[in-house]
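Student: this one's structure only:
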């Protein structure tokens with residue numbers, strides 16, 4: 001590259017291509033070309049994936065709790081575990097209010 005400006009422009013192109021490649025690999029649509037247009041479809045898709053993953057985690061945690069003995073469920077560890085599960089459920093509720 002002859003100038004700093006050319007080097008910087010080449011760097012920005014490589015970086016943009018890398019970011020676009022990561023988004024494509026994750027199955028997310030690209031951001032709009034104009035930066036003032038919101039990327040709602042992309043953001044909504046990402047939030048949907050997050051909500052789905054939270055559901056999997058909640059289900060696994062609930063199954064884990066249910067599979068423990070009654071003695072364990074009455075202990076301090078179960079109480080702390082249940083508090084964490086309730087926090088997760090609160091987070092899941094807040095994710096569900098994502099605007100359409």
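Tutor: On my side now, so go ahead. Please read these numbers as outputs of a predicted model, since none were measured by experiment. Residues are numbered from 1 along each chain as shown.
Student: domain-wise, how is the protein divided?
Tutor: Using automatic domain parsing, the domain parsing of the chain gives 1-31, 38-100.
Student: the ones you listed: lowest mean pLDDT?
Tutor: Lowest mean pLDDT within the domains of the chain: domain 1-31, a mean of 80.
Student: and the longest helix for the protein?
Tutor: For the chain, the helix with the greatest residue count under DSSP state H is helix 40-67.
Student: let's have the domains of the chain in TSV, adding mean neighbour count.
Tutor: For every residue, glycine as well, the C-beta is placed using N, CA and C. As requested, the domains of the chain are arranged in TSV below (neighbours: other Cβ atoms under 10 Å):
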stretch	mean neighbour count
domain 1-31	11
domain 38-100	12
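Student: contact partners for the nearest residue to residue 64 once chain neighbours are set aside?
Tutor: Once flanking residues are discounted, residue 64 sits nearest to residue 81: 8.0 Å by Cβ to Cβ, 6 or more residues apart in numbering. With contact taken as Cβ atoms under 8 Å, 6 or more residues apart in numbering, residue 81 is in contact with 61, 64-65.
Student: would you map the helices across the protein?
Tutor: Going by DSSP H, the chain shows helices at 4-25, 40-67, 70-73, 76-96.
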